[in-house]
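Chemist: return atomic coordinates for the entry below.
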Amino acid sequence: MCGNITWRLSGTPAKLMHIAIFHEEHPLSALQNSLHRIKLFINLDSALRVWRTFYMLPEILARYRHVQLRTLPPDRIAIAAMPAQTDLLKDAPGRRIAGPTLSAVAANAEAVAHQVLCGKPMIAVEFH
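Modeler: Predicted structure coming up:
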């Protein structure tokens, strides 16, 4: 297992609903493609950090298969990029999560559609 820590000491601008894509500049090896990437986001600010979450990638692909490709690419980076390329998540409903100071959200950001609505300083810890 390995990982890294990212300190985000400035505010996080509001983003569109998306699925995180890592290493998009080159295909993953078979080993990398088999590993799960878990991120832990810890709110360092006195204000709430507000997220919206949607379905996991397999559910998105199943629900919206009418607008997806007939065959899926073998690399999970290309698969995770598909919803953003088709605007599937633009108006997606979601669940709102608001975390107070020192709260943490843990997720596989490559598998769960998510959106930061507002947030300030935080630590992101990644394990894979």
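
Chemist: the residue most central in space within the chain: what's it in contact with?
Modeler: Nearest to the geometric centre of the chain sits Ala109, at 3.1 Å (C-alpha atoms, centre = their mean). Ala109 makes contact with 19-20, 37, 39, according to C-beta atoms under 8 Å, 6 or more residues apart in numbering. Yep, even glycine has a C-beta here, placed from its N, CA and C like the rest.

Chemist: sort out which of these are buried, if you could.
Modeler: Buried members of these, scored by 16 or more other C-beta atoms under 10 Å, are 19, 37, 39.

Chemist: surely the first one meets Asn108?
Modeler: No. Ile19 lies out of contact with Asn108 (C-beta atoms under 8 Å); the separation is 9.7 Å.

Chemist: could you give the mean pLDDT of the helix or strand where Pro58 lies?
Modeler: Assessed by DSSP states H and E, Pro58 sits inside helix 57-63. On average, the pLDDT along helix 57-63 is 80.

Chemist: tell me the buried residues in it?
Modeler: By 16+ other C-beta under 10 Å, the buried positions in helix 57-63 come out as 57, 60-61.

Chemist: with stretch 97-105 instead?
Modeler: 99, 105.

Chemist: relative to the whole chain's centre, how far out is that stretch?
Modeler: Distance, stretch centre to chain centre, for stretch 97-105: 16 Å (C-alpha atoms, centre = their mean, to the nearest Å).

Chemist: model confidence over it, on average?
Modeler: When pLDDT is averaged along stretch 97-105, the result is 93.

Chemist: I'd like the numbering to begin with 707 instead of 1 from here.
Modeler: Sure, I'll start numbering at 707, so the last one becomes stretch 803-811.

Chemist: can you give me the end-to-end span of it?
Modeler: For stretch 803-811, the first-to-last residue distance is 9 Å (C-alpha to C-alpha, to the nearest Å).

Chemist: with stretch 809-818 instead?
Modeler: With C-alpha to C-alpha as the measure, stretch 809-818 spans 19 Å from end to end.
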